[in-house]
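Participant: Okay, here's the prediction I keep looking at, along with the sequence it came from:
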Amino acid sequence: MSVVKRCSVCGRFRAYESDDAFCIGCGHDALEDRCACGRAFDYALGEPGSVHCPRCGRAFHDRALGGGS
């Protein structure tokens, strides 16, 4: 099953398998599958520009756009 995760080191959103722990961009084991408020990152994949959490408004700037399926 695919889930959108964000690397807290490089800021990249990307589709991963649920048990993946390491970022494919920078290699750190800092993947998060939810915002601090608990909202899943499914809305962020493929959005151009800066993204804000639709639940709490937290901004996610300077992130790389990820792809994948």
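Facilitator: Arrived safely. Residues are numbered from 1 along each chain as shown.
Participant: all strands for the protein, in order.
Facilitator: For the chain, the strands defined by DSSP state E occupy 2-7, 13-17, 31-32, 51-52, 59-60.
Participant: what helices or strands is the longest one leaning on?
Facilitator: Spelled out, it's strand 2-7. The helices and strands touching strand 2-7, judged by 3 or more Cβ pairs under 8 Å, 6 or more residues apart in numbering; DSSP states H and E, are strand 13-17, strand 31-32. No exception for glycine: its C-beta is placed from N, CA and C like everyone else's.
Participant: What strands flank the longest one, and is each parallel or antiparallel?
Facilitator: According to DSSP bridges, the neighbouring strands of strand 13-17, each with its direction, are strand 2-7 (antiparallel).
Participant: Who are the contact partners of the nearest residue to residue 10 once chain neighbours are set aside?
Facilitator: Once flanking residues are discounted, residue 10 sits nearest to residue 26: 4.3 Å by Cβ to Cβ, 6 or more residues apart in numbering. Shown in contact with residue 26 (Cβ atoms under 8 Å, 6 or more residues apart in numbering): 7, 9, 10, 12.
Participant: mind checking how far residue 42 is from residue 4?
Facilitator: Residue 42 sits 5 Å away from residue 4, going by Cβ to Cβ, to the nearest Å.
Participant: Give me the number of neighbouring residues for residue 37.
Facilitator: By the measure other Cβ atoms under 10 Å, the count of residues near residue 37 is 11.
Participant: What sits closest to it if chain neighbours are left out?
Facilitator: Closest to residue 37 by Cβ to Cβ, 6+ apart is residue 56, at 3.9 Å.
Participant: tally of neighbours for that neighbour?
Facilitator: Residue 56 sits with 11 neighbouring residues when counted by other Cβ under 10 Å.
Participant: can I assume it is in contact with residue 34?
Facilitator: No: applying Cβ atoms under 8 Å, one finds residue 56 not in contact with residue 34, separated by 11.0 Å.
Participant: could the helices and strands packed on strand 2-7 go into a markdown table alongside mean pLDDT and mean neighbour count?
Facilitator: As requested, these are arranged in a markdown table below (pLDDT from 0 to 100; neighbours: other Cβ atoms under 10 Å):
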| stretch | mean pLDDT | mean neighbour count |
| --- | --- | --- |
| strand 13-17 | 95 | 19 |
| strand 31-32 | 96 | 15 |
